[in-house]
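Asker: What would the 3D arrangement of this be:
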Amino acid sequence: QVQLQESGPGLVKPSQTLSLTCTVSGGSILTDGYYWSWIRQSPGKQLEWIGAISYSNNTYFSPSLKSRASISRDTSKNQFTMHLNSVIPEDTSVYYCARVLGWALYDYWGQGTQVTVSS
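Answerer: Numbers count the residues shown, from 1 in each chain. From the prediction side, this is the model:
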């Protein structure tokens, strides 16, 4: 059973960098064919895809967040981390990490973590 767990700060000040880590157990982030994604959902809004890192260490981002987002991984810890620079209050959201098979099937999700951007 694959499990994903998000971790990071619950409160970030405007203009700072938000860093969230997803720890994966029960499966390797190096497994061929899988993409490890970050998604968020703000109050009253639909899910928004932020970006992903592939099993081969390629990264992909939403055009709207590409200028501020980055994703890296630590294969020794089976983790991947998202950084979102210059956060604004509109980045307040529940952030999820998820595993995606072939860009089609989101088969495992973390429970989500609330992040609030406020001074």
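
Asker: quick one: contacts for residue 59?
Answerer: 51, 52, 53, 70, 71 (C-beta atoms under 8 Å, 6 or more residues apart in numbering). Every C-beta, even on glycine, is put in place using the N, C-alpha and C of the backbone.

Asker: Show the contacting residues for the fourth one.
Answerer: Residues touching residue 70, when contacts are defined by C-beta under 8 Å, 6+ apart, comprise 59, 82, 83, 85.

Asker: what's the weakest-modelled helix or strand in the protein?
Answerer: Ranking every helix and strand in the chain by mean pLDDT, DSSP states H and E puts strand 105-109 at the bottom, with a mean of 93.

Asker: Let me know the average pLDDT across the helix or strand just after it.
Answerer: Scanning forward in sequence from strand 105-109 by DSSP states H and E, the next helix or strand is strand 113-117. In this model, strand 113-117 has a mean pLDDT of 98.

Asker: CA atoms of strand 113-117 as CSV?
Answerer: The C-alpha coordinates for strand 113-117 follow below in CSV (Å, rounded to 0.1, in the frame of the first residue of the first chain):
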residue,chain,number,x,y,z
THR,A,113,-2.0,20.1,4.7
GLN,A,114,-3.5,23.5,5.3
VAL,A,115,-1.2,26.4,4.5
THR,A,116,-2.2,30.0,5.4
VAL,A,117,-0.3,33.0,4.0
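
Asker: before we move on, the earlier item: which one of the contacts of residue 70 has the most neighbours?
Answerer: residue 82 (27 neighbours; other C-beta atoms under 10 Å).

Asker: quick one: contacts for that one?
Answerer: So residue 82 contacts 18, 19, 20, 22, 38, 50, 51, 69, 70, 71, 95, 97 (C-beta under 8 Å, 6+ apart).

Asker: so of those residues, which ones are in strands?
Answerer: 18, 19, 20, 22, 38, 50, 51, 69, 70, 71, 95, 97 (DSSP state E).

Asker: All set now, cheers.
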